[in-house]
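S.K.: I'd like to go over a predicted model; first the sequence, then the structure.
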Amino acid sequence: MECSCKFCSELVHLVVFKLRSDNTSLYFTCIILHYISLVVFTFFDIQFYAVLFPFAVFLLVYTRRKDVYDLHHSTLGLLFSVLITAVITDAIKSAVGRPRPDFFWRCFPDEIELYDRWGNAKCHGKESDIREGHKSFPSGHTSWSFAGLGFLSIYLSGKIKAFDHKGHVAKLCVVFSPLLAASLVGISRVDDYMHHWQDVFAGGLLGLVVAAFCYSQLFPPPYNNEGWGPYEYFRALEESRSSTNSGESINALDVQPLNNVNAVNQQVKNHGNEFDALEELESGRM
């Protein structure tokens, strides 16, 4: 288990942090990432691969960059995306009440059909199964998957600068891997006879729209030059620079330099303080 976790950690490090400069074995890395996602999404439930898997990626990014702003806002955006999607999905399910494809076996588990004199079905299955059988639209598994993994996909596209107009097509493999996994979840719901294809399509669209909306509240667009970090990081950086510049202005008013050499030394000292503040901000100590 420890070897497996270490392997996944090194794989994510390779994909996220070395993709810009090292183009060797990119396609091989993408294939490995694809099969790892298949194994994880086959043996774990929706809460794991829609929430915990993206959060694990956020933690791995934090161990490399030590940026508390990025970890805080990525986690906050992920939770917002999944929770908002869950509330909207459950509300629509209860309001629409569309029967699932397997509703016949929920209604007549012994395959004995019973109808009243007006032709209405008299279900004699378990009440909980019948009630759950009226929650087909939209697909909850699909909406959750696209909410969590869709957010992760947008997050990774900003981190590796997938839209930097440099023609690195292999970066798209990393961006589309979470979306491919979410799509496989939706396909499995149709194959298991739990949802109609319209349910899966609507659920995926709902989750992806909510994920994009929540991401845009906390991060710049991935195609932006500053798309690799949250808004709060750049806001704090600007405040740090403003406070440094304000200190320079106060010194210019209150301190009377004896000669030009003292003025130059004061300017170099102030710039040194600015660089120290920037380093502390990026390391998460501010």
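M.R.: The structure has been received and is ready for your questions. Numbering: from 1, shown residues only.
S.K.: do you have the helices of the stretch 51-200 of the chain handy? List them.
M.R.: Taking DSSP state H, counting those that start in this stretch as the criterion, the stretch 51-200 of the chain contains helices spanning 53-65, 68-96, 103-107, 127-132, 140-159, 170-191, 197-218.
S.K.: which residues sit against stretch 93-102?
M.R.: By CB atoms under 8 Å, 6 or more residues apart in numbering, the residues outside stretch 93-102 that reach it are 106, 132-138, 140, 193-196, 199. For glycine as for every other residue, the C-beta is placed from the backbone atoms N, C-alpha and C.
S.K.: report the buried residues of that stretch.
M.R.: Of the residues in stretch 93-102, those buried by neighbour count under the rule 16 or more other CB atoms under 10 Å are 93, 98-101.
S.K.: what do you get for stretch 69-83?
M.R.: In stretch 69-83, counting by 16+ other CB under 10 Å, buried: 69-75, 77-78, 80-82.
S.K.: check stretch 217-229 too.
M.R.: In stretch 217-229, residues buried by neighbour count (16+ other CB under 10 Å) are 218-220, 222, 227-229.
S.K.: how does the chain divide up, domain by domain?
M.R.: If the domains of the chain are taken from automatic domain parsing, they occupy 2-98+135-229, 232-282, with pieces of a single domain joined by a plus sign.
S.K.: ranking those domains by mean pLDDT, which is last?
M.R.: Set side by side, those give their lowest mean pLDDT on domain 232-282, at a mean of 54.
S.K.: got a list of contacts for stretch 151-169?
M.R.: Stretch 151-169 has contacts (CB under 8 Å, 6+ apart) with 15-16, 19-20, 23, 53-54, 57-58, 61, 74, 77-78, 81, 171-172, 174-179, 211-212, 214-215, 219-223, 227-228.
S.K.: same check on stretch 207-215?
M.R.: By CB under 8 Å, 6+ apart, the surrounding residues in contact with stretch 207-215 are 77-78, 80-81, 84-85, 88, 142-148, 150-151, 154-155, 182.
S.K.: apply 7 Å and report the result again.
M.R.: Contact partners of stretch 207-215, identified using CB atoms under 7 Å, 6 or more residues apart in numbering, comprise 77, 80-81, 84-85, 142-147, 150-151, 154.
S.K.: for the residues you listed, which one is nearest Y115?
M.R.: Ranked by distance to Y115 (CB to CB), these are led by T142 at 33.3 Å.
S.K.: the closest one and R189 touch, don't they?
M.R.: Yes. Under the criterion of CB atoms under 7 Å, T142 is in contact with R189, at a separation of 6.2 Å.
S.K.: neighbour count for these two, which is higher?
M.R.: Of the pair T142 and R189, T142 is the one with more neighbours under other CB atoms under 10 Å, namely 30 against 24.
S.K.: quick one, what contacts that one?
M.R.: Applying CB under 7 Å, 6+ apart, we find T142 in contact with 185-186, 189, 200, 203-204, 207.
S.K.: cutoff 10 Å now
M.R.: Neighbour list for T142: 46, 89, 182-183, 185-190, 195, 199-208 [criterion: CB atoms under 10 Å, 6 or more residues apart in numbering].
S.K.: grab the nearest non-local neighbour of it.
M.R.: G203 (3.6 Å; CB to CB, 6 or more residues apart in numbering).
S.K.: tell me how many other residues crowd that neighbour.
M.R.: Around G203 sit 30 other residues, with neighbours defined as other CB under 10 Å.
S.K.: which ones are touching it?
M.R.: If you count contacts by CB under 10 Å, 6+ apart, G203 has them with 85, 89, 92-93, 137-147, 182, 185-186, 189, 195.
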